[in-house]
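Visitor: using only what follows, build the 3D model:
(one chain, ligands or ions: 3)
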Amino acid sequence: MKIKHYPGKAVDASLSLDNDSAMGALYEANWLQAHHQHHRAPTQPTLSRQPSNAGSSSFLLDGISALSKYQMTLENIRRLEQQAQDKRIVSAIKELNGYRPSALQHHQQQQLDNGWVAEEETEAEEEQLGEKPKTDNAPTPTAANVNHYVVDPTERQRLPRPRQQLSVKPPSLRRSQTMLQHPPPSYVTLRAPKSKPAQHNSSNSSSAYSTFSSAAEDRQPERVICQQPLRLLQPPTEPPPPPPTAGSKAARAFKPLSRSQTSVQRYATIRMPNHSASFCRATARAAETPDIRRHSLEEALQGLQLEEQLPDAAAEPVVSRQPERHTSRHISPGASSNGSAKDLNGEGFCIPRPRLIVPVHTYARRRRTGNLKEQSANAQEEDVTSDGRVEVSREGKYLSTLSGAKVLGELAILYNCQRTATITAITECNLWAIERQCFQTIMMRTGLIRQAEYTDFLKSVPIFKDLAEDTLIKISDVLEETHYQRGDYIVRQGARGDTFFIISKGKVRVTIKQQDTQEEKFIRMLGKGDFFGEKALQGDDLRTANIICESPEGVSCLVIDRETFNQLISSLDEIKHRYDDEGAMERRKINEEFRDINLTDLRVIATLGVGGFGRVELVQVNGDNSRSFALKQMKKSQIVETRQQQHIMSEKEIMGEANCQFIVKLFKTFKDKKYLYMLMESCLGGELWTILRDKGNFDDATTRFYTACVVEAFDYLHSRNIIYRDLKPENLLLDEKGYVKLVDFGFAKKLQTGRKTWTFCGTPEYVAPEVILNRGHDISADYWSLGVLMFELLTGTPPFTGSDPMRTYNIILKGIDAIEFPRNITRNASNLIKKLCRDNPAERLGYQRGGISEIQKHKWFDGFYWWGLQNRSLEPPIKPSVKSVVDTANFDEYPPDPEGPPPDDVSGWDKDF
Ligand SMILES: Nc1ncnc2c1ncn2[C@@H]1O[C@H](COP(=O)(O)OP(=O)(O)OP(=O)(O)O)[C@@H](O)[C@H]1O
Ligand SMILES: Nc1nc2c(ncn2[C@@H]2O[C@@H]3COP(=O)(O)O[C@H]3[C@H]2O)c(=O)[nH]1
Ligand SMILES: Nc1nc2c(ncn2[C@@H]2O[C@@H]3COP(=O)(O)O[C@H]3[C@H]2O)c(=O)[nH]1
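Guide: Ligands and ions are numbered 1, 2, ... in the order given. Reported below is the predicted structural model:
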């Protein structure tokens with residue numbers, strides 16, 4: 001069998017089963033690269049093979065080789081486990097290295113117990129989010145910090161503009177600050193090696209050993225089984241540490257990682273109480289795909305021989321006394337790697353195999369996906385006499401003690417490199433040896449067989465049918481198969497999710513918890529070839545529905561990790577939209593209408609407004625005079641200068657998807673060298689601010705109507721965890737009927753559930769105290785601004801107004817109780833304002849248990865016809881005069897842009913706009 005592309009780090013070469021030299025060159029090249037990257041020493045002179053005619057360059061990996069990473073990971077994790085007092089560092093390191101820290105197990109437990117519980121915010125997480133600035137630099141309302149509040153150059157020229165808009169600090173700066181404060185763990189920094197004299201010279205070994213018992217508890221004279229080459233050893237800098245004895249403090253310090261940290265627990269979001277017991281694909285699929293059985297692992301081994309070896313007779317392997325039993329034992333999925341019962345109970349060390357080439361990767365996968373129960377049982381069953389113990393050391397330093405059915409010595413074979421560690425027998429051990437050729441062949445054949453099966457299956461799945469063969473191979477290489485029993489929750493709504501699933505067998509039920517009743521509503525059934533789990537990966541990590549195993553005979557899923565999903569799958573249209581809710585589908589249909597409209601099809605009628613980055617023009621599509629649109633034109637250079645790229649992308653995304661009649665719709669975006677454009681629905685009633693300016697203030701009923709429109713818009717946004725952050729009358733536009741809509745989503749942001757954000761943005765008069773104090777804010781900041789809006793609409797001036805932003809912040813921090821309420825604010829209105837403008841975000845109305853409905857139920861809204869507002873049957877208090885679709889009478893007049901066209905920006909940051 002030939003493959004073209006090797007998954008993982010994609011090596012482009014032809015690999016043939018019988019082409020030994022290609023295989024050797026592949027391993028060799030990997031090792032060379034590893035060596036080059038990490039040891040920076042001259043090329044290993046003792047490599048057994050020279051680059052073959054297969055061409056070593058084509059085998060080289062980008063960056064660090066998997067082997068190097070693997071070794072360093074292994075050893076550093078251990079070292080850090082011993083050293084680090086701070087558990088957070090340990091778990092961060094593990095996570096960086098692909099392990100799942102116990103925190104996730106904790107999460108999973110929480111999910112099992114009670115749905116899910118919001119994770120405690122940590123600095124490290126915020127760092128990842130790239131939002132939280134260094135606390136030292138947190139803005140406080142003192143003059144010294146003025147430069148944190150960069151006055152937005154977008155401030156309009158029109159008078160009387162009472163306020164300025166805030167701009168944000170450069171995100172990159174914030175990030176580096178955070179990193180300064182919390183430097184990343186030094187997991188790549190190896191400590192100075194301590195060495196002890198090697199007992200034996202070593203060589204490139206040609207066999208891998210599986211240790212398993214031979215009775216004796218008595219400590220035998222130590223014998224080296226495989227040894228790391230002497231050349232690598234450094235002169236001792238300090239006396240070697242004594243080998244830890246069982247139960248000693250040192251031995252406890254070496255407490256190895258548990259398997260659970262590397263395998264099933266990675267699906268922290270998935271509740272899998274009753275996994276079916278088998279991960280042996282050959283078995284699991286036997287019933288369904290008889291042809292696959294032909295390629296069972298046993299078959300892959302035909303003609304291969306295992307040898308049993310005593311450590312002191314390493315040079316002369318003894319032929320196994322029980323070859324049949326050994327054969328099945330060694331290759332069974334449960335025992336294919338370090339699958340001892342001890343391991344599985346969290347006491348053994350679990351070697352993460354490098355994801356490099358098919359055989360290696362496949363080898364790893366089996367273990368990572370392994371079903372705990374069954375592997376444990378298998379290992380116990382087969383590990384008849386598992387008392388033999390070996391010690392692993394590297395450069396004279398003790399690493400671990402292995403016992404039971406462990407595989408060792410595979411690295412030198414897989415990578416054709418010298419032994420990477422020294423293995424010494426510390427009790428009498430019997431080892432089974434497999435020769436290089438045999439071992440490689442097993443790994444390769446089983447890997448290829450497995451890969452071919454998965455690729456075939458993927459080809460039959462409709463969403464993948466158009467994917468290139470090499471992409472399918474890559475996907476199939478990282479797939480892990482999991483099995484569930486009837487009634488299992490494969491995915492639980494509200495849990496955190498990190499994986500994408502394709503059903504390979506059986507049926508699942510999709511349900512969604514109803515907000516009001518908490519009952520689970522049936523949504524649909526999914527079967528073989530269907531997928532699920534994409535939403536959590538696209539959104540804020542949280543599962544949006546329950547997926548329950550329905551088939552009596554269980555369900556099998558192929559599981560794909562987030563990284564692969566993002567790289568290879570997430571862009572598929574079908575993935576993006578298959579399970580859209582009704583609103584999203586309707587919205588997509590609307591946007592579809594504008595698919596064929598180009599910038600050149602638009603004709604400018606007049607200017608509607610001037611924003612921070614340019615003008616908003618009233619436009620019509622050539623040949624269609626029945627409708628008009630607002631085209632927001634933004635100077636790219638200015639966006640970059642003020643570092644608002646991220647905000648603009650977010651604005652596009654949120655407005656483009658929102659399907660709410662209280663939010664201005666964005667239909668299409670365009671870009672050219674100088675500008676970004678947003679084609680929106682036009683609201684010809686003008687800004688609420690203009691009306692307020694002309695009228696001075698509104699009465700209670702008028703204010704109630706506009707406030708209610710905003711409540712509806714917030715209800716829509718907040719239920720999707722979107723924070724708006726820029727409420728003010730300028731951003732409320734009236735449509736021709738007099739209903740207001742929220743516009744300008746430049747500061748809107750989708751938050752992760754339970755998370756806060758730290759970006760300092762908004763308009764000074766409207767920002768909440770926690771924003772000023774840089775304590776992190778969330779949707780509750782919008783409720784604060786709602787109170788401010790009510791006050792401004794009722795009085796014509798916002799409650800917190802200073803002569804400059806710093807004074808305004810000081811006033812805000814004194815709180816709403818320090819503000820005198822004019823008489824025209826009714827008691828109910830002032831009560832609601834005060835309840836919205838609570839200093840403590842958690843106490844604000846709308847943010848508590850009853851959600852936004854608490855605002856709707858407030859006395860001030862007594863008798864308000866919410867349903868009429870929602871179905872637009874309610875008569876608005878002010879009916880704007882809009883004579884035609886091109887009537888701009890409700891807008892001020894704007895002179896042409898005095899600055900002229902901006903410079904070109906073709907840097908490409910806006911490619912997704
Ligand atoms: N859809 C629309 N229909 C009618 N007028 C609009 C529309 N969108 C924007 N405008 C007008 O253009 C002005 C500026 O628009 P917008 O606030 O979106 O731009 P911006 O660059 O984000 O401005 P800001 O400086 O307020 O952040 C608005 O205040 C409004 O007068
Ligand atoms: N490098 C390294 N090898 C280990 C470790 N634990 C067990 N081993 C095994 O020790 C073996 C030494 O020979 P190999 O390099 O062939 O393969 C190595 C692994 O199988 C470890 O922590 N580091
Ligand atoms: N939200 C939602 N999810 C669905 C629906 N139908 C199937 N699903 C799947 O259910 C999955 C639950 O986990 P995710 O939210 O990650 O991804 C979700 C979708 O893949 C549906 O109608 N709504």
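Visitor: low-confidence ranges, this structure, go.
Guide: 1-223, 225-387, 515-517, 540 (pLDDT under 70).
Visitor: near ligand 2, which residues of the stretch 751-900 of the chain are found?
Guide: Residues of the stretch 751-900 of the chain found near ligand 2 (CB under 6 Å from any ligand atom): none. C-betas here are computed from N, CA, C, even on glycine.
Visitor: for ligand 1, what's its nearest residue on the stretch 751-900 of the chain.
Guide: Phe891 (6.2 Å; CB to the nearest ligand atom).
Visitor: how about the stretch 651-800 of the chain?
Guide: For the stretch 651-800 of the chain, CB to the nearest ligand atom, closest residue to ligand 1: Asp744, 3.6 Å.
Visitor: buried residues of the longest strand along the chain, list them for me.
Guide: What stands out as the longest strand in the chain, according to DSSP state E, is strand 624-635. When burial is assessed from 16 or more other CB atoms under 10 Å, strand 624-635 yields the following buried residues: 628-635.
Visitor: same question, stretch 445-462
Guide: Applying 16+ other CB under 10 Å to stretch 445-462 flags 445-455, 457-458, 461 as buried.
Visitor: tell me the one of those residues nearest ligand 3?
Guide: Val461 (14.3 Å).
Visitor: so who does that closest one touch?
Guide: The contact partners of Val461, by CB atoms under 8 Å, 6 or more residues apart in numbering, come to 502, 529, 531.
Visitor: buried ones among these?
Guide: Looks like the contacts of Val461 have 502, 531 buried, using 16+ other CB under 10 Å.
Visitor: what's the closest of the contacts of Val461 to ligand 2?
Guide: Proximity of the contacts of Val461 to ligand 2 (CB to the nearest ligand atom) peaks at Ile502, which lies at 32.8 Å.
Visitor: can I assume that closest one is in contact with Gly529?
Guide: Yes: under the criterion of CB atoms under 8 Å, Ile502 makes contact with Gly529 at 7.3 Å.
Visitor: list the contacts for Leu786?
Guide: Counted by CB under 8 Å, 6+ apart, Leu786 has contacts 707, 710-711, 714, 727, 836, 846, 855.
Visitor: for stretch 843-860, which positions count as buried?
Guide: 844-847, 851-852, 854-856, 858, 860.
Visitor: around ligand 3, which positions in the stretch 401-550 of the chain sit nearby?
Guide: Counting by CB under 6 Å from any ligand atom, the stretch 401-550 of the chain sits next to ligand 3 at 491, 497, 510, 523-524, 532-536, 543-545, 547.
Visitor: one more: the chain?
Guide: 491, 497, 510, 523-524, 532-536, 543-545, 547, 579.
Visitor: between those residues, which is nearest Pro822?
Guide: In terms of CB to CB, no member of the residues of the chain next to ligand 3 lies closer to Pro822 than Thr544, at 45.7 Å.
Visitor: ok, that closest one - contacts?
Guide: Per CB under 8 Å, 6+ apart, neighbours of Thr544: 493, 512, 535-536.
Visitor: for whichever residue of the stretch 551-700 of the chain sits closest to ligand 3, grab phi and psi.
Guide: Distance from ligand 3 to each residue of the stretch 551-700 of the chain (CB to the nearest ligand atom) is smallest for Tyr579, at 3.6 Å. Main-chain dihedrals, Tyr579, degrees, to the nearest 10: phi -110, psi 30.
Visitor: quickly check the residues of the stretch 401-550 of the chain next to ligand 3 for the two that are furthest apart.
Guide: Checking these with CB to CB, the most distant pair is Gly497 and Arg524, at 18.4 Å.
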